[in-house]
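S.K.: quick one: sequence and predicted model below, then my questions.
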Amino acid sequence: MLFANDRLEMADINRQFIQSIIIDWGKIEKNSYLREIDALKNLERLEFPAPVTFFVGENGSGKSTMLEALAVAAGFNPEGGTRNYHFSTYDSHSGLYLALRLVRGYRTAAWGYFLRAESFYNVATKEEEYTDARHPSERLHERSHGESFLAIAQKYLKPEGLYFLDEPEAALSPQRQLTLLLEIYTCARQGAQFFIVTHSPILLGLPGASILSFDGGKVHGCAYEETDSYQVMKMFLENREQLLAQLLKETG
């Protein structure tokens, strides 16, 4: 059971697989759209001292671009899956990974997974193609979207793993998000490292995680209560009738 006063421990010595990144902008084309993303264009280094790092921010702020670059630089397929997945249905990933230098720790991840909500269908299809008698398929296409997401989490999230999750809450009910939060927390306590893009105020509430906001023109740390996800949800729950009345009045 996860209690409110439980926290992920950050040791004096950084034990994370990826401790920080350094960006060499000389490896990015002069006319690249990456140079127009406010939060990224002046970014040279990021530190990751915690076992769970959340990326938050408005749509288009660059958080998923950074997560994708991190995952690809770490050896994962741009569309998702394990490091053993090698396929491409549409080459849309940015060149940011070419400019990233991962500063790695003394530990090596035993396994890992890159989960992307937007390309999960393609990964589920490849999962069926990659299976054999020793590695049976999870038959993800025969489950609901949410059940498939949770099945992947319960199969691949393990201690000592390296994980990149892009909006994992997209297909999950609030109850299932709590289940996923517990899976993440348990694995992180046992040596795993997570990078997660999310808008979920439930997942963001994980104790001891680091939250990096991509809003306001730069990447910066913020508290849980400072995130838009928390503030908007709190405002809606506490003032639902007044808020909806005002919104509907404005549309009328």
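M.R.: Sure, I can see it.
S.K.: what's the burial count for R15?
M.R.: 16 (other Cβ atoms under 10 Å). Heads up, the C-betas are built off the backbone N, CA and C, glycines and all.
S.K.: pLDDT score assigned to it?
M.R.: The confidence metric pLDDT takes the value 88 at R15.
S.K.: ok, which stretches of this protein are strands?
M.R.: Shown for the chain, the strands assigned by DSSP state E span residues 18-23, 45-47, 52-56, 100-104, 111-116, 161-166, 193-197, 210-213, 220-221.
S.K.: let me know which of these is the nearest to E238.
M.R.: When the strands of the chain are ranked by distance to E238, counting by Cβ to Cβ, first place goes to strand 52-56 at 20.9 Å.
S.K.: so which residues make contact with the closest one?
M.R.: Where contact means Cβ atoms under 8 Å, 6 or more residues apart in numbering, the residues beyond strand 52-56 that reach it are 8, 63-64, 66-67, 184-185, 188, 193-199, 203-204, 206, 208-215, 222, 227-229.
S.K.: the longest helix in the chain is where?
M.R.: Scanning the chain for the helix with the most residues, using DSSP state H, yields helix 174-189.
S.K.: what angle separates it from strand 193-197?
M.R.: Our comparison of helix 174-189 with strand 193-197, counting by axes from the mean of the first three to the mean of the last three Cα atoms, to 10 degrees, yields an angle of 150 degrees.
S.K.: one step back: pull out the buried members of the contacts of strand 52-56.
M.R.: Of all these considered here, the ones buried according to neighbour count by 16 or more other Cβ atoms under 10 Å are 8, 63-64, 66-67, 184-185, 188, 193-199, 203-204, 206, 209-215, 222, 227, 229.
S.K.: ok, back up a step: and the strands of the chain, which one averages the lowest pLDDT?
M.R.: Confidence, taken as mean pLDDT, is least for strand 111-116 of these (a mean of 87).
S.K.: please state the offset of that one from the chain centre?
M.R.: The chain centroid and the centroid of strand 111-116 are separated by 10 Å, computed with Cα atoms, centre = their mean, to the nearest Å.
S.K.: report the buried residues of that strand.
M.R.: Within strand 111-116, the residues that qualify as buried by neighbour count (16+ other Cβ under 10 Å) are W111, G112, Y113, F114, L115, R116.
S.K.: now for that strand, which elements pack on it?
M.R.: helix 145-156, strand 161-166 (3 or more Cβ pairs under 8 Å, 6 or more residues apart in numbering; DSSP states H and E).
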